[in-house]
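A.B. asks: Build me a model from this:
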Amino acid sequence: MLTTVRDNEENEFLKQLLIEANARTNQTNLLTIFGSMLASIIVSLACKESEEQIKVLLQEKEVLLKETHHRLKNNLQILSSLLSLEAEYLKDNRAIEVFKNSQNRIQSMALIHDKLYQSKDLASINFAEYIQDLITNLLNSYKLNSTAINLKIKIEDVFLVSDAAILCGLIINELISNSLKHAFNQRESGEICIEFCSLKANLFTLTISDNGVGFPKDFDFQTTESLGLRLIKGLTNQLRGNIDFSNNNGVKFKITFSTKKL
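C.D. replies: Numbers count the residues shown, from 1 in each chain. Next comes the predicted model:
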């Protein structure tokens, strides 16, 4: 009889222990789940805060880049204006031409920074729009109009990275200026063709030609001492591109380059 009572008491005691153990286990599980949830919330808040900080930093960087391009454009325009003022006091035609050439080169670079300032991504520009504006500036600089010079422009609507755009802009400035100054001497009209296209991803071709008087038959493009043509070769080398030159019924320059190398 006593043994039975003791067994019952022990069974009740064991049941109570099991109940308490299960309760403690459930509490531990709940604490673990709550801890995991709390950790997830903390991590999520930290990530959100980091994302907000990154957004703020990117916005600040964009503002700084825009301001940099804006100031560069303004500084280049000031330099161009100074050259224009200095040229007014010159009497020598050769010196005036040198100043005008320098002024046009500066304007071509200022226009790039103006386009970058207006661009959304700040790393590339709409090159078709840029070429149209550049040619307009050159015609105004040489006091010419499209009725005297027939411009044939065939340009794909492509965006070009800033480094390549600056170099191409300077090349176009030199070649168009050369045609406007020398190709149509003693002629009332002429034709200049400008083509720019993408051959494949990151590979482009710039072609500029005119139907003017051309160069002398014994002209050697590779050994010329002309500053403008030497500049074209140097700029093409910076693009790591190639130049094809022909001197038949006018002149034609075809420059092929890849932006992958820049």
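
A.B. asks: which residue ranges form the helices in the stretch 151-262 of the chain?
C.D. replies: 162-178, 227-239 (DSSP state H, counting those that start in this stretch).

A.B. asks: for the stretch 151-262 of the chain, which spans come out with low pLDDT?
C.D. replies: 186, 261-262 (pLDDT under 70).

A.B. asks: Tell me where it has strands.
C.D. replies: Taking DSSP state E, counting those that start in this stretch as the test, the strands found in the stretch 151-262 of the chain are 159-161, 190-200, 203-210, 242-246, 251-258.

A.B. asks: Give the partner strands of the last one in its sheet and their orientations.
C.D. replies: By that I understand strand 251-258. Using DSSP bridges, strand 251-258 pairs in its sheet with strand 203-210 (antiparallel), strand 242-246 (antiparallel).

A.B. asks: how about CSV for those strands, with distance to residue 178 and mean neighbour count added?
C.D. replies: Heads up, the C-betas are built off the backbone N, CA and C, glycines and all. Formatted as CSV, the strands paired with strand 251-258 follow (distance: least, C-beta to C-beta, whole Å; neighbours: other C-beta atoms under 10 Å):
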stretch, distance to residue 178, mean neighbour count
strand 203-210, 9, 20
strand 242-246, 12, 14
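
A.B. asks: Which residue is the nearest non-sequential neighbour of residue 187?
C.D. replies: Using C-beta to C-beta, 6 or more residues apart in numbering and skipping the chain neighbours, the partner closest in space to residue 187 is residue 212 (7.5 Å).

A.B. asks: so what's the one you found up against?
C.D. replies: Going by C-beta atoms under 8 Å, 6 or more residues apart in numbering, residue 212 touches 179, 182-185, 187, 190, 250-251.

A.B. asks: can you give me phi and psi for it?
C.D. replies: In terms of degrees, to the nearest 10, the main-chain angles of residue 212 are phi -80, psi -160.

A.B. asks: can you check the one 5 residues further on too?
C.D. replies: Backbone torsions of residue 217, given as degrees, to the nearest 10, read phi -60, psi -30.

A.B. asks: mind starting the numbering at 49 from now?
C.D. replies: Fine by me, first position is 49 from now on; the one you just mentioned is residue 265.

A.B. asks: State the phi and psi torsions of the closest residue to it other than its chain neighbours.
C.D. replies: The spatial neighbour of residue 265 that comes closest, neighbours along the chain excluded (C-beta to C-beta, 6+ apart), is residue 295 at 7.8 Å. Residue 295 adopts backbone torsions of phi -130, psi 50, taken as degrees, to the nearest 10.

A.B. asks: Residue 295: neighbouring residues, count only.
C.D. replies: By other C-beta atoms under 10 Å, 13 other residues sit near residue 295.

A.B. asks: follow-up on the earlier one: who wins for proximity to residue 169 among the strands of the stretch 199-310 of the chain?
C.D. replies: Evaluated over the strands of the stretch 199-310 of the chain, closeness to residue 169 peaks at strand 207-209, with 8.1 Å, by C-beta to C-beta.
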